[in-house]
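Colleague: I'd like to go over a predicted model; first the sequence, then the structure.
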Amino acid sequence: MNAEKTTPATKGPLVYRQSIWTRLTHWSWVICLFFLLFSGLQIFNAHPTLYIGQQSGFEFDNAILDIRAINTPEGPRGQTTVFGQTFDTTGVLGMSGSAVRPDFVAFPGAVTIPSFRDLATGRVVHFFFGWIFVGTMFVWFVASVLNGHIERDIIPKKGDWRGLPGDIWNHLRFRIQHGRRYSPLQKLTYFIVFVVLFPAIILTGLCMSPGMNAGFPWLLDLFGGRQTARTIHFIAMALLVLFFVVHVIMVVVSGPLNNLRSMITGRYRTSPGTPMQEKDKP
Ligand code: HEM
């Protein structure tokens, strides 16, 4: 049977878009990042201040973020200071919970693992999923070099840079073309995730480990000391959360079932007009 004749005119060919390695590693780091985020916020709550520089303490004035509860004549309030600007964040940051039983923590129990104060468990969960995440990235990297995924889909080429402004404009208007491969904006975004955010969060995480400091002291120098490394770790986390929010919005806007199918079975329905290739035929 001729596949071209049986494909409805309103649909393009069903293509094999995601390899088994891309799919397995994707869902593995979704699980890992979920536990890493919430256990990380538990660890942050133990000392909810971030600094730039080699050191921290009362004699230094190098804090860039501070979340705390303060006493005021009207009673306790939650307060967040970012780059010297102070905001009242009562109910969300610094002080949360009910009026009868307020909770004086930086991030509320709703977004920490465990939901109550337990630094030791938070660290165990964080390190466990941290190492699974590192292993997953290693598997993704080796498989993606061998099957050409990095070269083909992740590294932006000349044509991608040329097509980028038009693709950004299309995304802003939610006019998404379902091609055989990632669009220029997708490539650039995933490139930043794989080449900047994931390595930054892993390396700064290693910087905060005393064992690593003994073995690889140059890592600390690379990131400007332990306190700066901790701040970069936090910023990379915040950027990944931002990526996640936009990523899921785009998955929903551009056809959730088609997208999910491609990340589960590998098969992706392209837009009408996408040229048929020999391997698309059933
Ligand atoms: C921590 C959260 C997540 C991160 C860091 C993340 C990251 C990524 C990255 C880097 C890619 C490209 C993978 C590659 O080409 O090797 C990707 C693709 C994809 N992700 Fe996620 N993802 C996350 C959560 C999700 C969730 C919750 C969904 C589903 C609702 C989802 C659906 C997809 C789909 C459908 C693709 C393929 C896009 C396409 O083929 O155009 N992701 N994701």
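Modeller: Cool, the structure landed.

Colleague: wouldn't residue 251 be in contact with residue 260 here?
Modeller: Yes. With contact defined as CB atoms under 8 Å, residue 251 reaches residue 260; the gap is 7.4 Å. Every C-beta, even on glycine, is put in place using the N, C-alpha and C of the backbone.

Colleague: Tell me the residues of the stretch 51-200 of the chain that contact the ligand?
Modeller: Contact residues, the stretch 51-200 of the chain versus the ligand (CB under 6 Å from any ligand atom): 153, 182, 186, 190, 193.

Colleague: Let's see if you can find the most crowded of those.
Modeller: Highest neighbour count within these: residue 186, with 21 neighbours (other CB atoms under 10 Å).

Colleague: list the helices and strands the helix or strand containing that one packs on?
Modeller: Element membership for residue 186, per DSSP states H and E: helix 184-192. Secondary-structure packing of helix 184-192 (3 or more CB pairs under 8 Å, 6 or more residues apart in numbering; DSSP states H and E): helix 158-172.

Colleague: and the helix it packs on, average pLDDT?
Modeller: The average pLDDT within helix 158-172 is 96.

Colleague: how long is stretch 189-201 end to end?
Modeller: Using CA to CA, to the nearest Å, one end of stretch 189-201 lies 16 Å from the other.

Colleague: so the closest residue in space to residue 180 that isn't next to it in sequence bridges to which residues?
Modeller: The shortest distance from residue 180 to any non-neighbouring residue, by CB to CB, 6 or more residues apart in numbering, is to residue 15 (5.4 Å). On the basis of DSSP bridges, residue 15 is bridged to residue 268.

Colleague: distance of residue 15 from residue 126?
Modeller: Distance, residue 15 to residue 126, by CB to CB, to the nearest Å: 38 Å.

Colleague: list the buried ones in the helix holding residue 186?
Modeller: Residues of helix 184-192 classed as buried by neighbour count (16 or more other CB atoms under 10 Å): 184, 185, 186, 187, 188, 189, 190, 191.

Colleague: surely the first one meets residue 157?
Modeller: No. Taking contacts as CB under 8 Å, residue 184 lies outside contact range of residue 157: 9.0 Å.

Colleague: Please determine how far the closest residue to residue 164 other than its chain neighbours is located from the ligand.
Modeller: Leaving aside its chain neighbours, residue 164 sits nearest to residue 184 (4.5 Å; criterion: CB to CB, 6+ apart). Distance of residue 184 to the ligand, computed by CB to the nearest ligand atom, to the nearest Å: 12 Å.

Colleague: picking up where we left off before, tell me which residues touch the residue nearest to residue 180, please.
Modeller: 180, 267, 268, 270, 274, 277, 280 (CB atoms under 8 Å, 6 or more residues apart in numbering).

Colleague: so what pLDDT did it get?
Modeller: 94.

Colleague: now do the one 5 residues further on
Modeller: Model confidence at residue 20, given as pLDDT, is 98.

Colleague: Could you number the chain from 70 rather than 1 from now on?
Modeller: With 70 as the first residue, the last one maps to residue 89.

Colleague: Which of the helices or strands spans the residue nearest the centre of the chain?
Modeller: In the chain, the C-alpha nearest the mean C-alpha coordinate belongs to residue 309, at 2.7 Å (CA atoms, centre = their mean). Residue 309 is part of helix 295-322, with elements assigned from DSSP H and E.
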